[in-house]
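**Student:** Need a 3D model of the sequence below.
(one chain, ligands or ions: 1)
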Amino acid sequence: MSELSSQAALDVVTLGEAMAMFVACETGPLEEVTQFTRQVAGAELNVAIGLSRLGLKVGWASRVGDDVFGRFVLKQLEKERINASQVTVDDHYATGFQLKSKEIGGCDPRVEYFRKNSAASHLSVADFNPAYFCAARHLHLSGVAAALSDTSRELSKLAAKEMRKAGRSISFDPNLRPVLWGSQQTMREEINALAFAADWVLPGLGEGQLLTGKKTPEGIADFYLTQGVKAVIIKTGPDGAWYKNADGEQAQVAACKVDNVVDTVGAGDGFAVGLVSAMLEGLTLEQAVKRGNKIGSLAVQAIGDSEGLPTRAQLVDA
Ligand SMILES: O=C(O)C(=O)C[C@H](O)[C@H](O)CO
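**Tutor:** Predicted coordinates:
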């Protein structure tokens with residue numbers, strides 16, 4: 001089989017950085033914690049894992065180091081049945097890692113990154129294989145890959161441009177990581193440029209306010225819709241999500257009630273999994289937002305950034 005035909009079955013491609021993540025087993029300052037469990041982290045990879053668990057065929061493009069963390073990430077890809085043919089093992093730079101605190105009562109965990117100059121931060125347009133990407137139905141991007149480095153951002157831009165030219169749909173989650181950007185103004189300009197190239201933009205309310213300077217969900221949505229985006233879905237935390245599309249249809253979709261939030265990280269990635277999977281199945285935007293809320297609510301009930309993401313059977317039963 002040619003390379004193109006062997007890739008033609010992919011539903012979704014995404015790209016970004018994966019890190020080994022050490023999650024504290026006890027509460028308290030990270031410098032005092034003695035026991036950690038190792039998991040995998042990375043916003044775009046979390047989305048790839050969630051979509052794959054729902055039965056979609058997913059490819060994830062990246063670079064990992066030729067080291068234990070890189071081999072750990074590759075094993076996770078295999079376990080999650082994610083196509084890794086566009087993952088380069090880089091023998092110059094290391095795989096990044098992070099530590100995450102354990103919190104109780106639904107507070108956001110503290111995270112410390114060790115990812116500067118990581119293998120993934122050396123992603124560049126040289127990692128773009130047009131046959132691989134454009135054979136997929138959909139591209140999912142997040143602002144994390146854009147924050148890693150100028151060259152990784154160029155790759156995101158090129159992927160968006162080429163997928164658009166090929167008539168594929170694109171989702172974009174701004175996923176702001178201010179600590180990875182040189183300045184807030186650059187972050188705003190670069191993230192908005194990527195958002196304008198997408199069909200479905202999925203900011204959190206605070207992110208949307210920062211990126212657009214608008215206060216209300218409608219103001220934020222209009223900022224992107226006037227640039228040709230087809231739908232803007234704004235995550236409003238415990239209230240769920242609010243959406244507006246290019247036809248002017250808009251609604252608030254209530255959140256799913258969660259009694260015990262154990263780890264808030266990964267909720268947005270879970271939301272993206274629900275939204276993107278449902279849209280690709282041809283469900284309505286309202287149904288897609290409902291599924292986004294559902295999977296976001298499952299994500300926060302498990303420790304780890306992707307551990308709570310359901311299989312298709314678990315989603316039906318949830
Ligand atoms: O990708 C990152 O920047 C991370 O912090 C890893 C996490 O898995 C991710 O943020 C969750 O969205």
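
**Student:** what residue ranges in this structure are flagged as low confidence?
**Tutor:** 1-8, 318 (pLDDT under 70).

**Student:** List, one by one, the residues from it near the ligand.
**Tutor:** Applying Cβ under 6 Å from any ligand atom, one finds that the chain approaches the ligand through 41-43, 46, 111, 144, 177, 265-266, 268-269, 305. Where C-beta positions appear, they are placed from N, C-alpha and C, glycine not excepted.

**Student:** can you put those in CSV and add neighbour count and secondary structure?
**Tutor:** Shown next, in CSV, are these (neighbours: other Cβ atoms under 10 Å; DSSP: H, G, I helix; E, B strand; the rest coil):
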residue, neighbour count, secondary structure
Ala41, 27, strand
Gly42, 30, coil
Ala43, 26, helix
Asn46, 28, helix
Val111, 17, strand
Val144, 22, helix
Arg177, 17, coil
Val265, 22, coil
Gly266, 27, coil
Gly268, 24, helix
Asp269, 28, helix
Asp305, 29, coil
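
**Student:** which of those residues lies closest to Thr311?
**Tutor:** Nearest to Thr311 among these, counting by Cβ to Cβ, is Asn46 at 15.0 Å.

**Student:** Contact partners for that closest one?
**Tutor:** 266, 269-270, 273, 305-306, 309 (Cβ atoms under 8 Å, 6 or more residues apart in numbering).

**Student:** excluding its backbone neighbours, what's nearest the residue in the stretch 1-150 of the chain that the ligand sits nearest to?
**Tutor:** Going by Cβ to the nearest ligand atom, the ligand is nearest to Ala41 of the stretch 1-150 of the chain, at 3.4 Å. Residue nearest to Ala41 in three dimensions, not counting chain neighbours: Met21, with 3.8 Å by Cβ to Cβ, 6 or more residues apart in numbering.

**Student:** got the phi/psi numbers for the one you found?
**Tutor:** For Met21, the backbone dihedrals are phi -130, psi 130 (criterion: degrees, to the nearest 10).

**Student:** ditto for Arg188
**Tutor:** Here is the backbone geometry of Arg188 (degrees, to the nearest 10): phi -60, psi -50.

**Student:** how close does it sit to Glu307?
**Tutor:** 32 Å (Cβ to Cβ, to the nearest Å).

**Student:** what's the answer for Leu176, then?
**Tutor:** 23 Å.

**Student:** Look at the two and report which has more neighbours.
**Tutor:** Taking other Cβ atoms under 10 Å, Leu176 and Glu307 do not tie; Leu176 has more neighbours (22 against 17).
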